[in-house]
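**Q** Coordinates for the following, if possible.
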Amino acid sequence: GAGNLGRAVAAVFLEGGAKVAVPIYKTDHAGALDPLRQTYADRLHTFALDLTTERGAEQAVGQVVEWGGRIDGLAHLIGGYAGGRTLVDTPMDEVEGMLAPNVKTPWLMARFALPRMVAQGEGTMVFVSSRAAQQGRSGHGAYAVSKSALITLVEVIAEEYGPMGVRANVVLPGTIDTPANRQASPKAEHALWTRPEEIARVIAFLSSRGSSAVNGGAVPVYGRS
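**A** Next comes the predicted model:
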């Protein structure tokens, strides 16, 4: 929640009147959410936990419910990227490094949030995969495979828990227009990239009752790129 996309998602939900809980990881910038906190102090809750562990994921859901009374929506934005090698040249530690943030962490968060949502009779989950899960995979196979597995995870949640009132969907960004990505690709046509705010609005829509007919969807959010 403290990254470029995370801040945009938190802002869209807060602007819409939601109460938002954001986990802060040890490598996140401590003051990243200060501008939002100044405006929405009573509806923004932050806490420090490692969501890559079972204990951290379970405690995160517990803290959210303790603070907010319930958990209506989960927007999962944690992820990692590594690439630049063919499959044969990709070391196994890189493969495992992609599976941890892109598959394990969303699995854990879903595992502990689902019982709460089922007990409420409703809930939404939106995850962030990548355009690379479906096209342009060459050169970053480990990343693409992990993001493709995330789509399957979302489909599993939708099939198993849709009848219980819980919806799960996933968005597929291309290159997100962030300062870091601009620095990494200074000669790219940045105007064609998708802004974090644009992706955030789609995530908010998929979390809303206005998208009640959408479950198990993989939604492209790469605009003109």
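
**Q** what about residue 74, neighbour count?
**A** When neighbours are counted by other C-beta atoms under 10 Å, residue 74 registers 24. Heads up, the C-betas are built off the backbone N, CA and C, glycines and all.

**Q** do the same with residue 186
**A** Residues contacting residue 186 under the criterion other C-beta under 10 Å number 7.

**Q** now do the one 10 residues further on
**A** Here the count is done by other C-beta under 10 Å, and residue 196 has 20 residues near it.

**Q** Look at the closest residue to it other than its chain neighbours and report its pLDDT.
**A** Nearest in space to residue 196, with sequence neighbours left out and distances taken as C-beta to C-beta, 6 or more residues apart in numbering, is residue 8 at 3.7 Å. Residue 8 carries a pLDDT value of 96.

**Q** tell me the phi and psi of residue 8?
**A** The phi/psi pair for residue 8 (degrees, to the nearest 10) reads phi -70, psi -40.

**Q** Use 13 as the first number for this chain going forward.
**A** In the new count, where the first residue is 13, that last one comes out as residue 20.

**Q** In contact with it: list those residues for me.
**A** Going by C-beta atoms under 8 Å, 6 or more residues apart in numbering, residue 20 touches 207, 208, 209, 211, 212.

**Q** what do you get if the cut-off is 10 Å, keeping everything else the same?
**A** By C-beta atoms under 10 Å, 6 or more residues apart in numbering, the contact list for residue 20 reads 13, 89, 188, 190, 207-213, 215-216.

**Q** which of these are buried?
**A** Taking 16 or more other C-beta atoms under 10 Å as the criterion, what is buried in these is 13, 89, 188, 190, 207, 208, 210, 211, 212, 213, 215, 216.

**Q** mind checking pLDDT for the residue lying closest to the fifth one once chain neighbours are set aside?
**A** On the basis of C-beta to C-beta, 6+ apart, the spatially nearest residue to residue 207 that is not a chain neighbour turns out to be residue 189, at 4.9 Å. The predicted local distance difference test score for residue 189 is 86.

**Q** Was I right to think residue 189 contacts residue 196?
**A** No - with contact taken as C-beta atoms under 10 Å, residue 189 and residue 196 are classed as non-touching, separated by 12.0 Å.

**Q** These two: which has the busier surroundings?
**A** Per other C-beta under 10 Å, whichever of residue 189 and residue 196 has more neighbours is residue 189, with 21 against 10.

**Q** and the gap between the more buried one and residue 204?
**A** Separation of residue 189 from residue 204 (C-beta to C-beta, to the nearest Å) stands at 9 Å.

**Q** got a list of what the residue sitting nearest the centre point of the chain touches?
**A** With distances taken as C-alpha atoms, centre = their mean, residue 89 lies nearest the centre of the chain, 2.2 Å away. Contact analysis of residue 89 by C-beta under 10 Å, 6+ apart lists 13-22, 34, 118, 138-140, 211-212, 215.
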